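Q: how would this look folded up:
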Amino acid sequence: MIPYGRQHISQQDIDAVVEVLKSDFLTQGPAVPAFEQRLCDLTTAQYTIAVNSATSALHIACLALGVGPGSRVWTSPVSFVASANCARYCGASVDFVDVEPDTGNMAIDQLRQKLEQARTSDTLPQVVIPVHLAGASCDMQQIHYLANEFGFKVIEDASHAVGASYQDEPVGCCRYSDITVFSFHPVKIITTAEGGAALTNSSELADKMRLLRSHGISRDENLMTEPSHGAWYYQQLQLGLNYRMTDIQAALGFSQSQRLLPIIKQRQVLADRYQTLLQNLTVGLPEPDTSVISSWHLYIIRLDDKTRRKAVFDGLRAAGIGVNVHYIPIHTQPYYQQLGFDWGDFPQAEDFYERIISLPMFPELSSEQQQFIADKLKELLA
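A: As a prediction, the model looks like this:
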């Protein structure tokens with residue numbers, strides 16, 4: 001079976017992990033700060049807080065921005081459920097903004113229209129979480145303009161977009177957002193096995209997220225409510241969580257990040273080859289805006305005839321091609337239906353879902369495998 005995505009572990013990665021295993025620190029050692037600094041260097045963000053998953057990063061990002069009971073958070077319905085669940089963990093209400101029919105990213109016109117309506121009913125969101133589907137950035141400049149106009153904060157869910165860029169700047173620089181979140185799950189661009197990070201240019205938000213990821217505990221005497229009792233002393237300043245990344249994970253991530261540029265280049269080669277192989281088929285192909293360089297985490301095609309999606313999907317799987325679908329719209333999940341959402345609420349997201357198939361996309365995918373995928377897809381569509 002050709003998987004839709006998979007990690008690549010080099011000997012350099014193995015050696016980096018073994019070095020940590022032989023060291024004095026398996027966790028809370030020097031590897032995590034080194035990986036955080038590496039991410040700052042790659043993105044130009046001023047602060048990085050590495051955690052045990054992108055879900056955790058989304059959660060502490062919401063908490064740092066003051067999301068809680070009574071807050072409203074909007075996100076995209078075309079994403080993994082974590083993009084919405086992070087607000088629910090905080091006790092906030094969640095709503096969604098419909099997507100562009102060709103990219104699956106948050107539609108700016110839909111966002112503005114929804115904001116105008118919310119302003120009249122005094123139900124504006126506190127935070128909006130745009131999702132960079134498949135590695136192609138949303139139109140963050142326009143979202144930033146709307147954030148200034150309507151007074152909301154922005155968390156970029158860039159779980160798919162490590163190594164991507166927008167307007168010639170790296171995704172993660174936080175020029176147009178308060179916080180950006182990355183994922184390092186094995187099928188993502190680089191991996192720490194499980195892991196994530198929250199990036200920001202705000203020292204205040206960075207301090208809050210550092211506290212939140214480790215039980216709300218600090219050894220900084222400047223933050224304590226009384227003089228330190230000694231070198232052993234710490235204080236819990238708020239109710240935090242245990243979302244720490246281990247040094248083992250960070251060492252793997254640091255090693256992988258050293259190959260980020262060639263990884264992105266190879267994914268671009270694969271995307272270009274798909275564009276050539278599939279150009280004459282009755283499918284819509286991803287074409288990011290010229291202001292965007294995608295990381296190509298996913299290669300999502302859209303069938304012209306959505307009634308044939310299941311047959312094509314099953315036929316590809318039967319041929320040993322591990323296609324997938326990204327994603328089932330969040331608002332259609334039973335949990336969110338219990339909150340009042342239903343099919344029909346976000347028609348562009350639902351139509352997008354009913355047409356899409358994610359083809360295999362990972363750096364070791366060979367040209368022969370891509371040709372086989374294209375031939376089988378052509379056969380099934382004929």
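
Q: Check the secondary structure at residue 226 for me.
A: Judged by DSSP: H, G, I helix; E, B strand; the rest coil, the three-state class of residue 226 is coil.

Q: Near residue 312, how many other residues are there?
A: As a burial measure, residue 312 scores 20 neighbours (other Cβ atoms under 10 Å). C-beta here means a position set from N, CA and C on the backbone, and glycine is covered the same way.

Q: can you pull the contacts of it?
A: Contacts for residue 312 (Cβ atoms under 8 Å, 6 or more residues apart in numbering) come out as 303, 357, 377, 380, 381.

Q: give me the element the third one is part of.
A: In the assignment (DSSP states H and E), residue 377 maps to helix 367-381.

Q: Give me the mean pLDDT for that helix.
A: The average of the pLDDT scores along helix 367-381 is 98.

Q: before we move on, what about stretch 181-199?
A: On average, the pLDDT along stretch 181-199 is 98.

Q: tell me how far the ends of it are from each other?
A: 6 Å (Cα to Cα, to the nearest Å).

Q: Out of the contacts of residue 312, who's the most crowded?
A: When neighbours are counted as other Cβ under 10 Å, the busiest of the contacts of residue 312 turns out to be residue 377, with 24 neighbours.

Q: That one and residue 177, how far apart?
A: With distances taken as Cβ to Cβ, to the nearest Å, residue 377 is found 36 Å from residue 177.

Q: Check residue 12 too.
A: Distance, residue 12 to residue 177, by Cβ to Cβ: 32 Å.

Q: Just want to know which of the two has more residues nearby.
A: For residue 12 and residue 177, the more surrounded residue by other Cβ under 10 Å is residue 177, and the numbers stand at 28 against 12.

Q: where does that one fall, phi/psi-wise?
A: Note on residue 177: backbone dihedrals following degrees, to the nearest 10 are phi -150, psi 160.

Q: Surely it touches residue 152?
A: No - counting by Cβ atoms under 8 Å, residue 177 does not reach residue 152; the two are 11.0 Å apart.

Q: Would you mind splitting this structure into its domains for me?
A: For the chain, automatic domain parsing gives the domain ranges 11-257, 260-381.

Q: Can I get these in TSV including distance to residue 5?
A: Output for the domains of the chain, formatted as TSV (distance: least, Cβ to Cβ, whole Å):
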stretch	distance to residue 5
domain 11-257	4
domain 260-381	5
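
Q: what bridges to the spatially closest residue to residue 214 that is not a sequence neighbour?
A: Computed as Cβ to Cβ, 6 or more residues apart in numbering, the closest residue to residue 214 that is not its neighbour in sequence is residue 244, at 5.6 Å. When assigned by DSSP bridges, residue 244 has beta-bridge partners residue 51.

Q: Pull the contacting residues for residue 244.
A: 27, 28, 32, 51, 52, 213, 214.

Q: roughly how far apart are it and residue 70?
A: 29 Å.

Q: How about residue 55?
A: From residue 55 over to residue 70 (counting by Cβ to Cβ), the distance is 22 Å.

Q: Pick out whichever of these two has more residues nearby.
A: Set residue 55 next to residue 70 and count neighbours by other Cβ under 10 Å: residue 55 wins out with 22 against 9.

Q: Tell me the confidence at the closest residue to that one other than its chain neighbours?
A: Leaving aside its chain neighbours, residue 55 sits nearest to residue 82 (4.3 Å; criterion: Cβ to Cβ, 6+ apart). pLDDT, residue 82: 98.

Q: now residue 288
A: pLDDT recorded at residue 288 is 87.

Q: The one 4 residues further on too?
A: pLDDT recorded at residue 292 is 97.

Q: pretty sure it contacts residue 169?
A: No - Residue 292 lies out of contact with residue 169 (Cβ under 8 Å); the separation is 11.0 Å.

Q: higher neighbour count, these two?
A: Taking other Cβ under 10 Å, residue 292 and residue 169 do not tie; residue 292 has more neighbours (23 against 15).

Q: for this structure, which residue is closest to the average position?
A: Centroid-nearest residue in the chain, with Cα atoms, centre = their mean: residue 159, separated by 1.6 Å.

Q: Against residue 310, how distant is it?
A: 27 Å.

Q: got it, and residue 28?
A: 48 Å.

Q: before we move on, what about residue 235?
A: Counting by Cβ to Cβ, the gap from residue 235 to residue 310 is 57 Å.

Q: And these two? Which one has more around it.
A: Per other Cβ under 10 Å, whichever of residue 235 and residue 310 has more neighbours is residue 235, with 17 against 10.

Q: Contact partners for the nearest residue to the more buried one once chain neighbours are set aside?
A: Spatial nearest neighbour of residue 235, excluding adjacent residues (Cβ to Cβ, 6+ apart): residue 224 at 5.0 Å. Listed by Cβ under 8 Å, 6+ apart, the contact partners of residue 224 are 218, 233, 235, 237.

Q: returning to that earlier point: which one of the domains of the chain lies closest to residue 4?
A: domain 260-381 (4.5 Å; Cβ to Cβ).

Q: how far does that closest one sit from the chain's center?
A: The chain centroid and the centroid of domain 260-381 are separated by 17 Å under Cα atoms, centre = their mean, to the nearest Å.

Q: And for stretch 49-59?
A: Relative to its chain's centre, stretch 49-59 lies at 11 Å (Cα atoms, centre = their mean).

Q: With stretch 76-96 instead?
A: Worked out by Cα atoms, centre = their mean, stretch 76-96 lies 13 Å from the chain centre.

Q: now stretch 75-90
A: Distance of stretch 75-90 from its chain centroid, counting by Cα atoms, centre = their mean, is 11 Å.

Q: ok, and for it, which residues are buried?
A: Buried residues in stretch 75-90, defined by neighbour count with 16 or more other Cβ atoms under 10 Å: 75-80, 82-90.

Q: now, the most widely separated pair of those?
A: Farthest-apart pair in the buried residues of stretch 75-90 is 78 and 90; separation 22.0 Å (Cβ to Cβ).

Q: so which two of the contacts of residue 224 are the farthest from each other?
A: Spanning the widest gap among those are 233 and 237, at 12.9 Å by Cβ to Cβ.
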